[in-house]
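Asks: Quick one: sequence and predicted model below, then my questions.
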Amino acid sequence: MKTFYLETFGCQMNVHDSEKVIGTLVGQGYAQVETPEEAELVLYNTCSIRDKAEQKVFSRLQQFKKDGRGKTFAVLGCVAQQEGEKIFEKAPHVSMVCGSASYNKLPELLVQLETGHRRVTGLSLDTEDTFETPLTRRDNPHRAYITIIEGCDKSCAYCVVPFTRGPERSRTSASVIEEARGLAAAGYTEIQLLGQNVNSYRDPSPAGWDFSTLLENVGRTPGIRRVRFTTSHPRDFVRAIVDAIDQNPALCNHVHLPVQSGSTRMLEAMQRLYTREEYMRRIEWMKSARRPIAITTDIIVGFPGETEADFDATLALIDEVEYDSIFSFKYSRRPNTPALALGDQIPEDEKGRRLTILQERQRAIQIRRNARYVGMVEECLVEGFNKATGQWIGRTSQNKTLNFLSVGASEELAGRYVPVRVTRAGPNSLAGERVN
Ligand code: 5AD
Ligand code: SF4
C-alpha cells in the first residue's frame, strides 16, 4: 500500500484544497497516515501570505534533509506557486512542486513520480477551471466547505494571492447548488462558501447569478441550517447581501469584511479601491439590519508610509465599528507585490508597538461587546466536548464560541443545535448553560 502524510498551513481555502487533494490521493490508491515518519509520500500544502508562514515549510523540509531517504516530498499551494522550481534548489530532496491552479493535474503528476520521474511540477496559472472532485474527503462531519470562486483579480499592493492563486474563475451556480444538495443529503447542516473574494462571484452559465443570488439560493437548500461565507472585499460588497441575511435565518448573521486600515491615504497606497467613508457605509448597512450582524475584520499595521496619524485613524475606526473580533498583522514584504517598490518601510519594533496597541484596544471592545450577551439565549451548533472543563463547545450563528454545561444530560450533543443561556462573557468567548 502506498502511504501519504499531508500537513496544511494557511487559510480555509487551503484547508479545503487539502480535503480535495486527500480525496484525489485516496482515489489513486494511497492511504493516509498520521505522521510523516510512517509515510512514503510527504506533502505540505503551504501558505505564503506573510514571511513567517512561508518559513514554516522550509523548516519542516529541513528536518528531513538527512533522514528523509526513501521518502518522496511534495510542496503544494501558495509557496509552491510563488517559489516554483527554486524550491528544488533550496530543498533538493523535494520531488514535486504544484500550485493550487494545477491540482487538476495531480493524478498525472503522481503517476510520473511513481514511474521514476525525479522532479515534477504543476506551475501554470493559465486556467479557466476550478479544482472540483467528487472524491473530496471532508474533515468535519457537520460543516462543509464549498469553493464558489478561485483566484483574485484585485491587486492589493501587499498581497501575494493574485500571484499564487491566479486569476478569478467562478463555478457555475448549478454545480454549487448541486453540491449543497448533496451535502445536505449526506447529513451536513452547515455550509461555508469559500473564495478569495466571494463578492465578485459571477455565474459563468447563462443564469448569470451574482453572489447575493447564489447566497439566497444556497440558503434555501432543504436540510441546511447555517450558511457562512468568506472572504468579502468591501469594494464588491453590496447591500443585497445584507438584505439576504435579514430575510433568511439560515444565512448566519456574521460578516467578515477586511478593512486593512482606517486611513483613506493608506487604503489608497494599498490599492484597496475604497475610502474609509465607503467602507463605513457598508458597516452602516449591517448596523441598520433587522438581525444583529456580527462584524469581523483584518487589519495590517506598519504598511510602508503609515504615519502615527494614519495609525490613529485605524484605532478610531475600530472604536467606531466595534468589531466582534479582528485579525491583525504586522506588514510583511512579499515577493512580486507592488508594495515592494515603496520606500519608507516601518521598523519592525514600531510595527510591533502598533500591533500591541491595536490588540489591547480591541480587547477592551470585545469585553464590552460580549458582556451584552449575558442573559440571552443563543442557538449553538455543538462542535465537541472539552473533557478538561466538562463543557460542551458550541458556536453561535454570529460565529462566537459559547462553552456550556448540559446538566443532567449524558447524550452526545456534537452536531446538534441546542439553545444555550449565556451566563458569563470574556473577551474571546461566552459561557453558559443549556436550556430546554
Ligand atoms: N503582510 C501582512 N498581512 C498581510 N495580509 C495579506 N498580505 C499581507 C502582508 N503582506 C493579511 C490581510 C489579509 C489577511 C488574510 O492577511 O489582512 O486580509
Ligand atoms: Fe495563505 Fe493566501 Fe495562499 Fe490562503 S491564499 S494559503 S492565506 S497565501
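Replies: The structure has been received and is ready for your questions. Ligands and ions are numbered 1, 2, ... in the order given.
Asks: Just confirm Val382 contacts Arg416, I think it does.
Replies: Yes: Val382 lies in contact with Arg416 (C-beta atoms under 8 Å); the separation is 5.3 Å. C-beta coordinates here come from the backbone N, C-alpha and C atoms, glycine included.
Asks: between the two, which one's more packed in?
Replies: Val382 (22 against 14; other C-beta atoms under 10 Å).
Asks: Quick check: closest non-adjacent residue to that one.
Replies: Leu413 (4.3 Å; C-beta to C-beta, 6 or more residues apart in numbering).
Asks: Can you give me the neighbour number for the one you found?
Replies: 21.
Asks: Tell me how this structure divides into domains.
Replies: 2-122, 143-371, 377-434 (automatic domain parsing).
Asks: And those: which comes nearest Pro134?
Replies: Closest approach to Pro134 among those (C-beta to C-beta): domain 2-122, 8.0 Å.
Asks: near ligand 2, anything from the closest one?
Replies: Yes: Domain 2-122 lies within reach of ligand 2 by C-beta under 6 Å from any ligand atom, at 10-11, 13-14, 47-49, 77-78.
Asks: what residues does this protein put near ligand 1?
Replies: So the chain meets ligand 1 at 49-50, 158-159, 258, 260, 298, 300, 329, 331-332, 334 (C-beta under 6 Å from any ligand atom).
Asks: Now, those residues that are in strands?
Replies: Those of these mapping onto strands are 298, 300, 329, per DSSP state E.
Asks: quick one: contacts for Glu348?
Replies: Listed by C-beta atoms under 8 Å, 6 or more residues apart in numbering, the contact set of Glu348 reads Lys330.
Asks: got it, and Arg118?
Replies: Ser95.
Asks: Likewise for Ser232?
Replies: Per C-beta under 8 Å, 6+ apart, neighbours of Ser232: 197-199, 241, 255-258.
Asks: How many residues are close by Glu37?
Replies: 11.
Asks: Is it in a helix, a strand, or coil?
Replies: coil (DSSP: H, G, I helix; E, B strand; the rest coil).
Asks: Local confidence estimate at it?
Replies: Looking at Glu37, its pLDDT is 93.
Asks: which stretches of the stretch 1-150 of the chain form helices?
Replies: Using DSSP state H, counting those that start in this stretch, the helices of the stretch 1-150 of the chain run over 12-27, 51-63, 77-83, 86-90, 106-114.
Asks: so what's the residue in the stretch 301-436 of the chain that ligand 2 sits nearest to closest to, chain neighbours aside?
Replies: For the stretch 301-436 of the chain and ligand 2, the shortest gap (C-beta to the nearest ligand atom) falls at Arg334, measuring 8.9 Å. Leaving aside its sequence neighbours, Arg334 sits nearest to Val160 (C-beta to C-beta, 6+ apart; 4.6 Å).
Asks: Same question for Thr127.
Replies: Ala101 (5.1 Å).
Asks: Tell me which residue of the stretch 51-200 of the chain lies closest to ligand 2.
Replies: Cys78 (3.4 Å).
Asks: Check which residues of the longest helix seen in the chain are buried.
Replies: Using DSSP state H, we find that the single longest helix of the chain is helix 348-371. By neighbour count with 16 or more other C-beta atoms under 10 Å, helix 348-371 contains the buried residues 350-351, 354-355, 358, 362, 365-366, 369-370.
Asks: got it, and stretch 196-216?
Replies: 196-201, 203, 209-216.
Asks: Output that stretch as PDB, restricted to C-alpha atoms.
Replies: Output of stretch 196-216 as PDB, limited to C-alpha atoms (Å, rounded to 0.1, in the frame of the first residue of the first chain):
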ATOM      1  CA  GLN A 196     -10.600  34.800  -2.000                       C
ATOM      2  CA  ASN A 197     -13.200  37.300  -2.900                       C
ATOM      3  CA  VAL A 198     -16.700  35.700  -2.800                       C
ATOM      4  CA  ASN A 199     -18.400  39.100  -3.600                       C
ATOM      5  CA  SER A 200     -17.100  39.100  -7.100                       C
ATOM      6  CA  TYR A 201     -18.700  35.700  -7.800                       C
ATOM      7  CA  ARG A 202     -20.200  35.700 -11.200                       C
ATOM      8  CA  ASP A 203     -22.000  32.600 -12.500                       C
ATOM      9  CA  PRO A 204     -20.400  31.700 -15.900                       C
ATOM     10  CA  SER A 205     -23.600  29.900 -17.000                       C
ATOM     11  CA  PRO A 206     -26.500  31.800 -18.800                       C
ATOM     12  CA  ALA A 207     -28.300  32.100 -15.400                       C
ATOM     13  CA  GLY A 208     -25.600  34.700 -14.600                       C
ATOM     14  CA  TRP A 209     -26.200  34.800 -10.800                       C
ATOM     15  CA  ASP A 210     -24.300  37.300  -8.700                       C
ATOM     16  CA  PHE A 211     -23.100  36.500  -5.200                       C
ATOM     17  CA  SER A 212     -26.200  37.600  -3.300                       C
ATOM     18  CA  THR A 213     -28.400  35.500  -5.600                       C
ATOM     19  CA  LEU A 214     -26.200  32.500  -5.000                       C
ATOM     20  CA  LEU A 215     -26.200  33.100  -1.300                       C
ATOM     21  CA  GLU A 216     -30.000  33.300  -1.200                       C
END
